[in-house]
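Trainee: Just need the structure, nothing else, for what follows:
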Amino acid sequence: MPLPRLTVLIRGAGEMASGVAWRLHQAHFRVLLTEVPEPLAVRREVSFCEAVYDGRKTVEGVEAVLIPAPEEAAAVWETNRLPLLVDPDLTRARALNPDALVDAILAKKNLGTRISDAPWVIGLGPGFRAGRDCHLVVETNRGHNLGRLYTAGEAEPDTGEPGIIGGFSRERVLRAPVAGRLQSLKSIGEAVEAGEVVAFVSGRPVPSPIKGILRGLIRDQTPVTAQLKIGDVDPRGNRAYCFTISEKARAIAGAILEGLLRRFHQ
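Mentor: Take a look at the predicted model:
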């Protein structure tokens with residue numbers, strides 16, 4: 001028996017939210033993404049939030065389109081694309097009466113999502129308590145419990161440590177040395193050597209700590225604060241990884257799909 005076309009509202013359109021949106025779209029859910037006016041993403045090539053700046057963004061064959069109002073969503077769904085609305089507080093998106101809401105901002109705290117926002121509410125990562133803020137919480141910490149669904153309690157606390165890729169953790173992350181405006185010298189997907197300058201911030205160089213492929217870098221000319229994460233170097237050297245959804249995002253997206261089926265396919 002086919003399931004009804006359910007409408008899912010996703011808060012956020014960064015890397016993890018985009019992985020969730022991509023998978024739900026493939027499973028024939030009607031997905032609406034919402035974002036802030038100036039989203040900041042490191043892994044921009046796999047983040048639908050880039051549509052806020054460019055009007056549209058394609059990730060693994062699925063295109064998101066910026067819309068001016070929620071009533072435009074239906075027309076975008078008819079073309080088999082994802083609508084994206086600048087609506088950080090959901091003041092306009094709620095008019096669509098979504099069947100489910102997924103908070104995928106990954107702010108490490110709840111920025112206003114309530115369990116009453118939709119018939120089924122799911123929160124990603126720390127900052128949400130199942131049964132109070134939402135119906136389900138998804139574990140986002142890498143490791144044995146990644147993708148686990150909690151019907152009570154909270155996800156594991158934020159460790160502050162980047163995930164290990166190719167044997168590197170903190171070493172693969174690029175951070176702004178000072179506050180200022182980013183001037184990028186490299187593009188996502190380019191190879192870099194250890195010590196090679198990737199960007200400047202207020203005249204200060206940002207060298208790559210390791211050899212690899214530049215997997216992520218925030219937009220050129222973006223104002224940044226000191227120590228903000230601005231880039232990510234992948235030591236595995238596979239350029240294709242820069243343009244495809246990560247294993248972590250796919251695991252989280254699978255958990256969201258399971259969470260929706262638990263509620264709507266009984």
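Trainee: Please name the nearest non-neighbouring residue to I256.
Mentor: V20 (5.0 Å; Cβ to Cβ, 6 or more residues apart in numbering). Every C-beta, even on glycine, is put in place using the N, C-alpha and C of the backbone.
Trainee: Domain-wise, how is the protein divided?
Mentor: As recorded under automatic domain parsing, the domains making up the chain are 7-158+247-264, 170-235.
Trainee: Would you confirm that L32 contacts I10?
Mentor: Yes - between L32 and I10 there is a contact under Cβ atoms under 8 Å: 7.1 Å.
Trainee: Report the rounded mean pLDDT for the helix or strand V206 falls within.
Mentor: V206 is part of strand 204-207, with elements assigned from DSSP states H and E. Regarding strand 204-207, the rounded mean pLDDT is 96.
Trainee: what about it, distance to the chain center?
Mentor: Relative to its chain's centre, strand 204-207 lies at 26 Å (Cα atoms, centre = their mean, to the nearest Å).
Trainee: Stretch 220-229 too?
Mentor: 18 Å.
Trainee: picking that back up, may I see the domains of the chain arranged in CSV, with distance to Y241 as well?
Mentor: Formatted as CSV, the domains of the chain follow (distance: least, Cβ to Cβ, whole Å):
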stretch, distance to Y241
domain 7-158+247-264, 10
domain 170-235, 6
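Trainee: and of the ones you listed, who's closest to I164?
Mentor: The closest of those to I164 is domain 7-158+247-264. By Cβ to Cβ, the value is 7.7 Å.
Trainee: The strand or helix carrying the residue nearest to I256: which residues count as buried?
Mentor: If you go by DSSP H and E, V20 is part of helix 15-26. Buried residues in helix 15-26, counted by 16 or more other Cβ atoms under 10 Å: E15, M16, A17, S18, G19, V20, A21, W22, R23, L24, H25.
Trainee: Closest one of those residues to T140?
Mentor: The nearest member of the buried residues of helix 15-26 to T140, counting by Cβ to Cβ, is M16 at 7.1 Å.
Trainee: Quick check, the closest one in contact with G147.
Mentor: No - between M16 and G147 there is no contact under Cβ under 8 Å: 11.4 Å.
Trainee: Identify the contacts common to those two.
Mentor: Shared contacts of M16 and G147, defined by Cβ atoms under 8 Å, 6 or more residues apart in numbering, are found at I252.
Trainee: and G254, that's in a helix?
Mentor: Yes - remark: G254 belongs to a helix, assigned using DSSP: H, G, I helix; E, B strand; the rest coil.
Trainee: show me the contacts for V102.
Mentor: Applying Cβ under 8 Å, 6+ apart, the residues near V102 are V8, L9, I10, R11, A17, V20, V121, I122, G123, L124, I256.
Trainee: which of these sit farthest apart?
Mentor: Across the contacts of V102 (Cβ to Cβ), the longest gap, 14.8 Å, separates A17 and V121.
Trainee: coming back round to it: contacting residues around the residue nearest to I256?
Mentor: Here V20 is in contact with I10, V102, A104, A249, I252, A253, I256 (criterion: Cβ under 8 Å, 6+ apart).
Trainee: quick one: the first one from L33, how far?
Mentor: Okay, so that is I10. 5 Å (Cβ to Cβ, to the nearest Å).
Trainee: Mind listing the shared neighbours of these two?
Mentor: In contact with both I10 and L33: A17, A21, using Cβ under 8 Å, 6+ apart.
Trainee: Show the backbone phi and psi for the closest residue to E196 other than its chain neighbours.
Mentor: Leaving aside its sequence neighbours, E196 sits nearest to S208 (Cβ to Cβ, 6+ apart; 5.2 Å). Main-chain dihedrals, S208, degrees, to the nearest 10: phi -80, psi 130.
Trainee: Hmm, S208 is touching G195, no?
Mentor: Yes - taking contacts as Cβ under 8 Å, S208 lies within contact range of G195: 6.9 Å.
Trainee: any low-confidence regions in the stretch 51-200 of the chain?
Mentor: Counting by pLDDT under 70, the stretch 51-200 of the chain contains no low-confidence residues.
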